[in-house]
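**Q** sharing a sequence plus its predicted fold:
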Amino acid sequence: MIRFDDVVKRFGDHVVLRELNFNVAPGEFVTLIGPSGSGKTTILRLLMTLEHVNGGRIYVGDECLTHMPRGDKLVPANEKYLRRMRKRIGMVFQQFNLFPNMTVLQNITEAPVRSLGLSKGEAEARAVDLLDMVGLSDKSGARPSQLSGGQQQRVAIARALAMRPEVLLLDEVTSALDPELVAGVLAVLKDIASTTDITFLCVTHEMQFARDVSDRVMMFDHGQVIEDGPPDKLFTDPDHDRTREFLHAVL
Ligand code: ADP
């Protein structure tokens, strides 16, 4: 569902990703771990097309994200092509980024109406189901400022799901939350991961969550995957000293 093919990303002279290769299968939940600065967020930002590759290609499903077909060649994707591809990918950020002047319901229905062309009624029906899924059925008329951080993040998850993405990217979704609110958000994500066929790529410092929910964990260092495996193996018996040191420091 996601394929990085010799991806290079530089900021000026600083090479962050050096010919990076990895795959994520449809429906898989993959977590990226590794020290700060190892390139995890850059990977998510490339998938969101907030950044662009300097080399290589990224594929989403059977389509190339970074390049589009022209004749029998692939050329760098243009804005129109990217707009269509972006609809396949959702993202939930550390900062919830809800629209403060809209209700919870409006926050969830806005993009499906504007960008997928759903009628207001269709979008609202979808939003009501999603609010039920994230346990916030009674908050549809509230403004974001009336909600706790955990509730706002659950609205942000519902808003991302309202676009029916095939891939959902999670970037440190619990980092801005008070500790007592973290479990509720993670429980919602675990439920979604086990009841939908969405493919997840997740960056988190919540190692217990990563262990609970991931099918596979990839350990990054200096923009390279240094270890890749099922969470039980990687967290208890890693092959690499670097993974062991990292886990020792964070656990
Ligand atoms: P991680 O998510 O693993 O902490 P990042 O992907 O955020 O790592 O960052 C990887 C490297 O890329 C870091 O050295 C960071 O300073 C650099 N970097 C990220 N974004 C930019 C940017 N917009 N401009 C310059 N350097 C950046």
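**A** It's in.
**Q** quick one: list the elements packing against the top helix by length along the chain.
**A** In the chain, taking DSSP state H as the definition, the longest helix is helix 179-195. On a contact count with 3 or more CB pairs under 8 Å, 6 or more residues apart in numbering; DSSP states H and E, helix 179-195 meets helix 120-133, helix 149-161, helix 207-213. Using the backbone N, CA and C atoms, a C-beta is placed for each residue, glycine as well.
**Q** so what strands line up beside the helix or strand just after it?
**A** Sequence order places strand 199-203 as the next helix or strand after helix 179-195, per DSSP states H and E. Its sheet considered, strand 199-203 pairs with strand 29-33 (parallel), strand 167-171 (parallel) by DSSP bridges.
**Q** is the helix or strand just after the first one anywhere near the ligand?
**A** Taking DSSP H and E as the definition, the helix or strand that follows strand 29-33 towards the C-terminus is helix 40-47. Yes - Helix 40-47 reaches the ligand (CB under 6 Å from any ligand atom) through 40, 41, 42.
**Q** rewinding a little: quick one: the longest helix of the chain to helix 149-161, angle?
**A** Here helix 179-195 points in a direction 30 degrees away from that of helix 149-161 (axes from the mean of the first three to the mean of the last three CA atoms, to 10 degrees).
**Q** ok, and what's touching helix 179-195?
**A** For helix 179-195, contacts defined as CB atoms under 8 Å, 6 or more residues apart in numbering pick out 29, 133-135, 148-150, 153-154, 157, 161, 168, 170, 173-174, 177, 198, 200, 206, 209, 212-213.
**Q** would you mind writing the CA trace of it as PDB?
**A** What follows is helix 179-195, C-alpha atoms only, in PDB (Å, rounded to 0.1, in the frame of the first residue of the first chain):
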ATOM      1  CA  PRO A 179      -1.100  11.900  30.600                       C
ATOM      2  CA  GLU A 180      -4.600  11.000  31.800                       C
ATOM      3  CA  LEU A 181      -6.100  11.600  28.300                       C
ATOM      4  CA  VAL A 182      -3.700   9.500  26.400                       C
ATOM      5  CA  ALA A 183      -5.300   6.100  27.000                       C
ATOM      6  CA  GLY A 184      -8.700   7.200  25.600                       C
ATOM      7  CA  VAL A 185      -7.200   8.400  22.300                       C
ATOM      8  CA  LEU A 186      -5.000   5.200  21.900                       C
ATOM      9  CA  ALA A 187      -8.000   3.000  22.700                       C
ATOM     10  CA  VAL A 188     -10.000   4.700  19.900                       C
ATOM     11  CA  LEU A 189      -7.100   4.200  17.400                       C
ATOM     12  CA  LYS A 190      -6.700   0.600  18.400                       C
ATOM     13  CA  ASP A 191     -10.400   0.000  17.800                       C
ATOM     14  CA  ILE A 192     -10.200   1.600  14.400                       C
ATOM     15  CA  ALA A 193      -7.100  -0.300  13.400                       C
ATOM     16  CA  SER A 194      -8.800  -3.600  14.300                       C
ATOM     17  CA  THR A 195     -12.200  -2.900  12.700                       C
END
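**Q** no further queries at this time; thank you.
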